[in-house]
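K.L.:
coords please:
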Amino acid sequence: MFSLLLGDLFSQRVFRSVGNGNWDDPSTWDASAGTGGIEGITFPSPTDSVYIEAGDTVLLDLTNVGNNYEFGGFLYVGTNAVFQSASGNGNTDGLVLVDDSYVVVDGDFWVAENGEGPGTAGPAPLDFDIENNSYFRVNTGGYVYLADDWFIRDNAFMYVQINICMEVDDDLQVEDNAFICGAGGASIT
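P.N.:
Predicted coordinates for the structure are as follows:
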């Protein structure tokens with residue numbers, strides 16, 4: 001619980017999902033966040049605290065952010081929830097955790113094109129980067145699926161609890177004073 005509260009201290013606003021939907025759709029988030037379709041007001045900005053509640057699926061598929069979506073806030077993926085980042089150009093870009101971001105995964109965390117996921121043949125190559133002192137934690141029962149490369153660098157820290165599954169469809173690179181620890185396992189195909 002402390003880690004969840006910690007995330008609220010370092011961001012601008014708090015967004016909680018109320019059902020399945022797209023990241024930039026105001027109806028995906030608690031109505032108290034606001035109205036009008038404005039980033040940081042009615043849907044999360046890259047520096048906000050975001051809670052994807054148990055059982056909800058949220059797709060981050062923004063076309064107005066360039067090749068990468070850089071997230072520097074707090075993200076919690078609840079039990080039986082799914083967060084899928086489909087941002088990127090379908091080539092080598094994707095989701096980047098930057099600037100002391102803090103991510104906790106109790107559900108599913110995917111970096112893959114919309115409609116693709118675990119078991120998809122020939123997924124589009126979207127990368128996932130954890131960098132700039134960011135923290136990424138996968139708790140028991142969590143699942144991570146990455147359609148392409150995974151980079152952990154620049155003093156980033158990743159903790160993996162026991163009995164989780166991580167599937168990386170290409171390379172895993174740990175560099176520049178980054179750390180991975182815990183008792184979990186990974187499959188790199």
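
K.L.:
can you pull the contacts of residue 23?
P.N.:
43-44, 58-62 (Cβ atoms under 8 Å, 6 or more residues apart in numbering). The way it works is simple: take the backbone N, C-alpha and C, and place the C-beta from them, glycine included.

K.L.:
rerun that using 7 Å as the cut-off
P.N.:
43-44, 58-60, 62 (Cβ atoms under 7 Å, 6 or more residues apart in numbering).

K.L.:
pick the one among the residues you listed closest to residue 177.
P.N.:
Proximity of those to residue 177 (Cβ to Cβ) peaks at residue 60, which lies at 27.8 Å.

K.L.:
what's the helix or strand hosting residue 180 packed up against?
P.N.:
In this assignment (DSSP states H and E), residue 180 forms part of strand 179-182. Helices and strands touching strand 179-182, by 3 or more Cβ pairs under 7 Å, 6 or more residues apart in numbering; DSSP states H and E, are strand 157-160.

K.L.:
circling back: in its sheet, what does the strand holding residue 180 sit against?
P.N.:
strand 157-160 (parallel) (DSSP bridges).

K.L.:
mean confidence score for the strand it pairs with?
P.N.:
Average pLDDT, strand 157-160: 87.

K.L.:
what do you get for stretch 179-189?
P.N.:
Mean predicted confidence for stretch 179-189 is 69.

K.L.:
quick revisit: of the contacts of residue 23 - the most surrounded one?
P.N.:
Ranked by neighbour count (other Cβ atoms under 10 Å), the contacts of residue 23 have residue 44 at the top, with 28 neighbours.

K.L.:
give me the phi and psi for that residue.
P.N.:
Torsion angles at residue 44 (phi, psi; degrees, to the nearest 10) stand at phi -60, psi 140.

K.L.:
what's the helix or strand hosting residue 95 packed up against?
P.N.:
With secondary structure defined by DSSP H and E, residue 95 is part of strand 94-97. If contacts are counted by 3+ Cβ pairs under 7 Å, 6+ apart, strand 94-97 sits against strand 69-71, strand 127-130.

K.L.:
residue 164 contacts residue 136, correct?
P.N.:
No - using Cβ atoms under 7 Å, residue 164 makes no contact with residue 136, being 12.0 Å away.
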